[in-house]
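In: Give me a model of this one.
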Amino acid sequence: MPGRAVVIALGGNAILQHRETGTAEEQFANVQKASRQIAAIAGEGYAVAVTHGNGPQVGDILLKNELAKETLPPMPLDVCGAESQGMIGYMLQQSMQEALREAGLDRPVATVLTQTLVDGDDPAFTNPEKPIGPFYTAMQARRLESEKGWRMVRIPGQGSRRVVPSPRPVALVEERAIVCLFSAGTIVIAAGGGGVPVVADGGGTLRGVEAVVDKDLTAALLARLVGAEDLLILTDVERVALNYGRPDQQEIGEMTVREAQRHLAAGQFPPGTMGPKIEAALGFLEAGGKRATIASLEGAFRALSGRAGTRIRP
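Out: Numbering: from 1, shown residues only. So this is what the prediction gives:
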């Protein structure tokens, strides 16, 4: 296996960017840019595992379900998540193979369709908050609440949307396969979209659940699993910032775990955006990781050497 290990978590903008329509051509073009960054990192001798978001893709799959429901049976959310993992994994795998070939690197690439074990008693199941899928009219929302038992929330000016639980990841079901491939020098793509959430009964039988696991928290779990020294979380901003979006916005180049905890407690990092990334970085470092960096996709290679992004250190 190559030397120092890194887990790279690709945000949604690495696959589908704002204002794009979501064609295969657009998504392949974005993934190819990401793959060249990852190939450059692999070229420095890093062992690499990759995970990714899947929000827009799952949203499109759910919308297709809705539009075709009179013709084809809709699939449950866990199956839709698995479908998106396969699609994005294929795009990443093919693009990575080409980027590695262009860089003159002989490294195998493999996608592991990953199930993420969650606790069936996680409090998130009694308080679903994660919005998914298309928007509905008030009448449609009432019907779906009645017929399917969905929890719906109204978003002013846009309509009603389904919300589902977002339980914390406990373990990756395919961890032995992931570690085996990673240890053999394979660039592993795993746990896409946080993994397909499953619960286990008393006998160990797995069952998919209608939920979404936060991809950044799962990335931290994957990093601990493969013994990574670095966790690199790529998003659509150059650096983490205090007072984000305000005239007194202040970008941060580096902060300690204690400083990050203080800013998180002060509400500087909102739950729906930067908060989970900071939580994932802190969890990774507290479990023995050496460095966690949050950066833009374009700055990925420079961020790993501390020349871009925001580095959080123990």
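
In: Now do the same contact list for residue 292.
Out: 230, 231, 232, 233, 280, 281, 282, 284, 285, 311, 312, 313 (CB atoms under 8 Å, 6 or more residues apart in numbering). Glycine gets a C-beta too; all of them are placed from N, C-alpha and C.

In: do that again at 7 Å, thanks
Out: Neighbouring residues of residue 292 by CB atoms under 7 Å, 6 or more residues apart in numbering: 231, 281, 284, 285, 312.

In: part of a helix, is it?
Out: No - if the criterion is DSSP: H, G, I helix; E, B strand; the rest coil, then residue 292 is strand and not within a helix.

In: Disregarding residues adjacent in the polypeptide, which is nearest to it?
Out: Once flanking residues are discounted, residue 292 sits nearest to residue 281: 3.5 Å by CB to CB, 6 or more residues apart in numbering.

In: How about residue 255?
Out: Closest to residue 255 by CB to CB, 6+ apart is residue 312, at 5.7 Å.

In: Counting by contacts, list what the helix or strand containing that neighbour packs against.
Out: If you go by DSSP states H and E, residue 312 is part of strand 310-313. Using 3 or more CB pairs under 7 Å, 6 or more residues apart in numbering; DSSP states H and E, the elements in contact with strand 310-313 are strand 254-256, strand 291-296.

In: Mind listing what's buried along the shortest one?
Out: Judged by neighbour count using 16 or more other CB atoms under 10 Å, the buried positions of strand 254-256 are residue 255.

In: any chance you could map the helices in the stretch 151-300 of the chain?
Out: Under the criterion DSSP state H, counting those that start in this stretch, helices of the stretch 151-300 of the chain are mapped to 175-183, 215-225, 257-265, 275-286, 300-304.

In: Mean pLDDT and distance to residue 246 added to the ones you listed, as TSV?
Out: Formatted as TSV, the helices of the stretch 151-300 of the chain follow (pLDDT from 0 to 100; distance: least, CB to CB, whole Å):
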stretch	mean pLDDT	distance to residue 246
helix 175-183	98	41
helix 215-225	96	24
helix 257-265	96	14
helix 275-286	95	17
helix 300-304	93	24
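
In: Quick one: closest of these to residue 104.
Out: Checking the helices of the stretch 151-300 of the chain against residue 104 by CB to CB gives helix 300-304 as the closest, at 16.4 Å.

In: Residues contacting that closest one, please?
Out: Applying CB under 7 Å, 6+ apart, the contact partners of helix 300-304 are 6, 37, 40, 41, 230, 232, 234, 293, 295, 308, 309.

In: Could you rerun that using 6 Å?
Out: Helix 300-304 is contacted by residues 37, 40, 41, 232, 234, 293, 295, 308, 309 when judged by CB atoms under 6 Å, 6 or more residues apart in numbering.

In: Does residue 107 touch residue 97 like I think?
Out: No - the pair residue 107 / residue 97 is not scored as a contact, 9.0 Å apart, by CB atoms under 6 Å.

In: thinking again about what came up before, which of the helices of the stretch 151-300 of the chain sits closest to residue 27?
Out: Residue 27 lies closest to helix 215-225 among the helices of the stretch 151-300 of the chain, at 16.7 Å (CB to CB).

In: The closest one relative to helix 275-286, how many degrees between them?
Out: On the basis of axes from the mean of the first three to the mean of the last three CA atoms, to 10 degrees, helix 215-225 is oriented at 10 degrees to helix 275-286.

In: now for helix 215-225, which elements pack on it?
Out: strand 5-10, strand 169-172, helix 275-286 (3 or more CB pairs under 6 Å, 6 or more residues apart in numbering; DSSP states H and E).

In: Which residues does the last one contact?
Out: With contacts defined as CB under 6 Å, 6+ apart, helix 275-286 is touched by 214, 216-217, 219-220, 223, 231, 233, 257, 260, 264, 269, 292, 294, 312, 314.

In: filter those residues to the buried ones?
Out: The buried subset of these - by 16+ other CB under 10 Å - is 214, 216-217, 219-220, 223, 231, 233, 260, 269, 292, 294, 312.

In: Tell me the helices and strands packed up against the lengthiest helix in the chain.
Out: The single longest helix within the chain, with elements called by DSSP state H, is helix 77-102. Counting contacts by 3+ CB pairs under 6 Å, 6+ apart, helix 77-102 is packed against helix 24-43, helix 55-67, strand 109-112, strand 196-200.
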